[in-house]
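J.: what follows is a predicted protein model with its sequence.
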Amino acid sequence: MSGKWDDLAPRVIAGAVMVVVGVAGIRAGGIWFQMLAVFVTAVMIWELASMIKREGESAMLLAAITASVLSGLLAHEANWALLLLFAPAVVGALMMPRERLTFFLFALGIMTAGWGLVSFRDVYGGTWLFWLVFVVVVTDVAGYFAGRMLGGPKFWPAVSPKKTWSGTVAGWIGAACVGALFLTFTNAGRDLIWISAVLAFASQMGDIAESALKRRMGVKDSSSLIPGHGGLFDRFDGLLGAALLMLLVALIVDVPEVRI
């Protein structure tokens, strides 16, 4: 296998492993999902800081602060404690020699997503998190294959040279199909189909936002944590974008509870 399919094998392997771990964590819920969310959030903050500052000690310190703050926050239900979501973003921004606003915004988004996904799991059960994960995975898979098989005009060449319109639209269609599938065993309305497509777009924007950050920082990957395939930020950028939109939707729409 060569050429445009060179990265297929590592994408499949890395994706399969993360889906299995993610599904197991979501299914288990409770402290297990909390630990997974804390770990992923802390690693992504470490990768973000490393991309900007290029110095390991400060990045590790911020990861430790993130893990401590998020663990404590998840153990308390007081609304005022949500202000702690800003702590790693503010502390990290003050430590950065450049791109302080960039770090602050990305770090706050990562922290909000990490806290929000655990809280969402506790309130609504795991089904809707499975929906979120499947939407993001299908969006990525459909976009990957359609983009390479059909090609065509680039979606945003200045930021993401490989992303095509064909792959982008295929991701929307694939996500809509996931929404239609979940209609068969939940009490959600048909709006779930177009909401899934919009969620796919948010996932793609998360991917593009991280691509823009990497180009701005002059790096190829967020880290080398996953051999030959970048870091967790590279793999969870789409989930980050989709999760933030899902949390916003949950504040506006009455989400039906489905327990598993």
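T.: All right, it came through fine.
J.: now the longest helix along the chain: buried residues?
T.: For the chain, the longest helix by residue count, based on DSSP state H, is helix 191-217. Neighbour counts over helix 191-217 (16 or more other C-beta atoms under 10 Å) mark 192-193, 195-211, 213-214, 217 as buried. Bear in mind the C-beta positions are built from the backbone N, C-alpha and C, glycine included.
J.: isn't Leu192 up against Thr184?
T.: No: using C-beta atoms under 8 Å, Leu192 is not in contact with Thr184, being 10.8 Å away.
J.: for the helix or strand where Ile110 lies, the distance to its chain's centre please.
T.: When elements are assigned from DSSP states H and E, Ile110 belongs to helix 100-124. For helix 100-124, the distance from its own C-alpha centre to the chain's C-alpha centre is 10 Å (C-alpha atoms, centre = their mean, to the nearest Å).
J.: packing partners of the helix or strand following it?
T.: For helix 100-124, the following helix or strand on the C-terminal side (DSSP H and E) is helix 127-150. In this structure, helix 127-150 makes packing contacts with helix 8-28, helix 100-124, strand 160-164, helix 165-183, helix 191-217, helix 232-252, judged by 3 or more C-beta pairs under 8 Å, 6 or more residues apart in numbering; DSSP states H and E.
J.: run the last query once more with 6 Å
T.: With contacts defined as 3 or more C-beta pairs under 6 Å, 6 or more residues apart in numbering; DSSP states H and E, the packing partners of helix 127-150 are helix 165-183, helix 191-217, helix 232-252.
J.: dump the last one to PDB, restricted to CA.
T.: Spelled out, it's helix 232-252. Output in PDB follows, covering the C-alpha atoms of helix 232-252 (Å, rounded to 0.1, in the frame of the first residue of the first chain):
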ATOM      1  CA  LEU A 232      -3.700  12.900  21.500                       C
ATOM      2  CA  PHE A 233      -4.500  16.400  20.400                       C
ATOM      3  CA  ASP A 234      -4.100  15.300  16.800                       C
ATOM      4  CA  ARG A 235      -6.600  12.400  17.400                       C
ATOM      5  CA  PHE A 236      -9.000  14.200  19.700                       C
ATOM      6  CA  ASP A 237      -9.200  17.600  17.900                       C
ATOM      7  CA  GLY A 238     -12.400  16.600  16.200                       C
ATOM      8  CA  LEU A 239     -13.900  15.300  19.400                       C
ATOM      9  CA  LEU A 240     -13.000  18.500  21.100                       C
ATOM     10  CA  GLY A 241     -14.900  20.600  18.600                       C
ATOM     11  CA  ALA A 242     -17.900  18.300  18.500                       C
ATOM     12  CA  ALA A 243     -18.000  18.000  22.300                       C
ATOM     13  CA  LEU A 244     -18.100  21.800  22.800                       C
ATOM     14  CA  LEU A 245     -21.000  22.100  20.400                       C
ATOM     15  CA  MET A 246     -22.900  19.200  22.000                       C
ATOM     16  CA  LEU A 247     -22.500  20.800  25.400                       C
ATOM     17  CA  LEU A 248     -23.900  24.100  24.000                       C
ATOM     18  CA  VAL A 249     -26.900  22.200  22.500                       C
ATOM     19  CA  ALA A 250     -27.500  20.500  25.800                       C
ATOM     20  CA  LEU A 251     -27.900  23.800  27.500                       C
ATOM     21  CA  ILE A 252     -30.500  24.900  24.900                       C
END
